[in-house]
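A.B. asks: structure here, sequence nowhere to be found:
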């Protein structure tokens, strides 16, 4: 599925191909929460890095978080005009790109269930969602975004 996205002000537009377009995983880690998660969490999708096309690339800036005093290799891409979180790229997995669902303009499919991760890092004001269709993890689960989609017959491709 082709995903088209943009920042809030329109200075950056992008497209990317994804086999995993369901926005099901809510990350409560402090990095996602503080850089992209106004609701206390962020939702990242999976996509093929080689398919990324960008308009307005000169308007992108990158942030690398510090983890335990070390700089993370993950590159968090933002619009430097309006500050919108766009995607994450990590050179340890060069074939992958993780667009933020909040930056996607394409109508995304509604997930049949959700996964809440990094709950131990949630802000104290966060109230977790209720429901039987939510898997909950205090850390990061073993099941990847691709595996989650494949195990539920939601893989697009």
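C.D. replies: Arrived safely, thanks for sending. Owing to the predicted nature of the structure, the values given are computational and were not obtained by experimental measurement.
A.B. asks: C-alpha from now on. contacts and neighbour counts both.
C.D. replies: Will do.
A.B. asks: run a quick neighbour tally on residue 52.
C.D. replies: 14 (other CA atoms under 10 Å).
A.B. asks: helix or strand: which one has the residue nearest to it when sequence neighbours are not counted?
C.D. replies: Closest residue in space to residue 52, ignoring its immediate chain neighbours: residue 16 at 4.6 Å, by CA to CA, 6 or more residues apart in numbering. If you go by DSSP states H and E, residue 16 is part of strand 13-17.
A.B. asks: which neighbouring elements make contact with that strand?
C.D. replies: strand 2-6, strand 47-48, strand 53-55 (3 or more CA pairs under 8 Å, 6 or more residues apart in numbering; DSSP states H and E).
A.B. asks: OK, contacts around residue 23?
C.D. replies: Applying CA atoms under 8 Å, 6 or more residues apart in numbering, we find residue 23 in contact with 43-45, 101, 108-111.
A.B. asks: ok, residue 28 next?
C.D. replies: Contact analysis of residue 28 by CA under 8 Å, 6+ apart lists 40-42, 116-123.
A.B. asks: of those, buried ones?
C.D. replies: Neighbour-count burial (16 or more other CA atoms under 10 Å) applied to the contacts of residue 28 gives 40-42, 116-119, 122.
A.B. asks: switch the residues you listed over to TSV; also include pLDDT and distance to residue 3.
C.D. replies: Listed next are the buried ones among the contacts of residue 28 as TSV, based on pLDDT from 0 to 100; distance: CA to CA, whole Å:
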residue	pLDDT	distance to residue 3
40	82	24
41	88	21
42	88	17
116	93	23
117	93	24
118	93	26
119	93	28
122	92	29
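A.B. asks: for beta bridges, what are the partners of the residue nearest the centre of the chain?
C.D. replies: In the chain, the centroid-proximal residue (CA atoms, centre = their mean) is residue 44; its distance is 1.5 Å. Bridge pairing for residue 44 (DSSP bridges) gives the partners residue 100.
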